[in-house]
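> Below are the sequence and a predicted model; questions follow.
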Amino acid sequence: MTEFKAPQGYLPHRPPMVLLDKVVAITERTCHCEVSVSEHSVLAPFLDDRQNLPNFYALELISQTVGVWSGYQNEIRGRVNMPLGMVISVRDLRMDCAFFEHDSVLKICIESLMEDPTFGSCIGEICCNGTRLCQGRVNVYQATHAQLEQLFKRD
């Protein structure tokens, strides 16, 4: 069985912006991560007054799972110092819940539909106890270091 790094080992994010607890599995086309919704998890700063996670965090959970998959693929292919990927669109995002319940464990799964050096498209879903709570497609752009420098340049 393959052991994976913690999610921040594959992401450009650092706490408290890493919203995933662990990497469960990664294949050539898929990634499966998990996170607990509790006051003791990485999601604690983002919980509402009832200790639930608002559903609008779904996009970030799916996007970070895409980032974990991409970081792992870059690592096994020997690509180092890769620039940030950016979410450029979300399509067909369907939410089947108003929030993610306290004391639940969310399973976030993505599948790469298409990938080239600058663009990728993944379908993602969030499930809990075998029930799909959210599904959508995330499209990402891999900018170059020069493009990112220009984008974040301050005059």
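Looks like it came in fine.
> And the strands in the chain, which stretches?
For the chain, the strands defined by DSSP state E cover 22-26, 30-37, 53-54, 85-95, 99-100, 104-115, 119-128, 131-142.
> possible to save those strands as TSV with mean neighbour count?
Any C-beta I mention is one placed from the backbone N, CA and C, and that applies to glycine too. Listed next are those as TSV, based on neighbours: other C-beta atoms under 10 Å:
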stretch	mean neighbour count
strand 22-26	17
strand 30-37	21
strand 53-54	18
strand 85-95	13
strand 99-100	20
strand 104-115	18
strand 119-128	19
strand 131-142	18
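> With mean pLDDT as extra columns, can I get these in a markdown table?
Shown next, in a markdown table, are those (pLDDT from 0 to 100):
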| stretch | mean pLDDT |
| --- | --- |
| strand 22-26 | 98 |
| strand 30-37 | 98 |
| strand 53-54 | 98 |
| strand 85-95 | 93 |
| strand 99-100 | 98 |
| strand 104-115 | 97 |
| strand 119-128 | 97 |
| strand 131-142 | 96 |
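> Out of the ones you listed, which is closest to residue 62?
Residue 62 lies closest to strand 119-128 among the strands of the chain, at 3.6 Å (C-beta to C-beta).
> residues touching the closest residue to residue 69 other than its chain neighbours, list them.
Leaving aside its sequence neighbours, residue 69 sits nearest to residue 31 (C-beta to C-beta, 6 or more residues apart in numbering; 3.6 Å). Counting by C-beta atoms under 8 Å, 6 or more residues apart in numbering, residue 31 touches 23, 25, 65-66, 68-69, 72, 109-110.
> Take the residues you listed and write them to CSV, including distance to residue 7.
Below are the contacts of residue 31 laid out as CSV (distance: C-beta to C-beta, whole Å):
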residue, distance to residue 7
23, 6
25, 13
65, 8
66, 12
68, 5
69, 11
72, 10
109, 14
110, 13
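> number of nearby residues for residue 8?
Close neighbours of residue 8, defined as other C-beta atoms under 10 Å, add up to 17.
> how close does the spatially closest residue to it that is not a sequence neighbour sit to residue 65?
Of all residues not flanking residue 8 in the chain, residue 18 sits nearest, at 4.6 Å (C-beta to C-beta, 6+ apart). In this view, residue 18 and residue 65 are 12 Å apart by C-beta to C-beta, to the nearest Å.
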